[in-house]
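Asks: this is the structure alone, sequence omitted:
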């Protein structure tokens with residue numbers, strides 16, 4: 001994730017201490033090449049897990065696991081189909 005989309009803004013952030021997408025009101029940081037049309041909304045889910053091994057701690061260092069999923073609301077697809 002290294003490209004900030006101009007005009008795309010974070011509107012709501014729930015139950016997060018930090019987000020790789022951005023804070024509410026800030027420009028959203030989305031994956032490179034991810035296109036967002038004018039007026040389009042997205043739902044972004046982020047999951048963080050601080051992994052600390054119970055066994056083999058000398059071989060596996062503690063680290064943070066991160067996963068991100070980006071969803072487009074279904075109405076976007078419906079509106080695109082009805083305009084054709």
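Replies: Alright, I've got the coordinates. What you are looking at is a predicted structure, and each value in this text was computed from that prediction instead of being measured.

Asks: so how far is residue 18 from residue 35?
Replies: 26 Å (CB to CB, to the nearest Å). C-betas here are computed from N, CA, C, even on glycine.

Asks: can you tell me the element the closest residue to residue 69 other than its chain neighbours falls in?
Replies: Excluding the flanking residues, the one nearest residue 69 by CB to CB, 6 or more residues apart in numbering is residue 45, at 4.7 Å. Residue 45 belongs to strand 43-51 when assigned by DSSP states H and E.

Asks: which residues touch whatever helix or strand comes next after that strand?
Replies: The first helix or strand that comes after strand 43-51 along the chain, using DSSP H and E, is strand 63-71. Strand 63-71 has contacts (CB atoms under 8 Å, 6 or more residues apart in numbering) with 1, 20-21, 30-31, 34, 42-51.

Asks: try it again with 6 Å
Replies: Contacting residues not belonging to strand 63-71 are listed as 42, 43, 44, 45, 46, 47, 48, 49, 50, 51 [CB atoms under 6 Å, 6 or more residues apart in numbering].

Asks: number of nearby residues for the fourth one?
Replies: Other residues near residue 45 come to 10 when the count uses other CB atoms under 10 Å.

Asks: please apply the same query to residue 37.
Replies: Residue 37: 9 surrounding residues under other CB under 10 Å.

Asks: and if you look at the one 4 residues further on?
Replies: Counted with other CB under 10 Å, residues neighbouring residue 41 total 12.

Asks: mind checking how far it is from residue 28?
Replies: For residue 41, the distance to residue 28 equals 11 Å [CB to CB].
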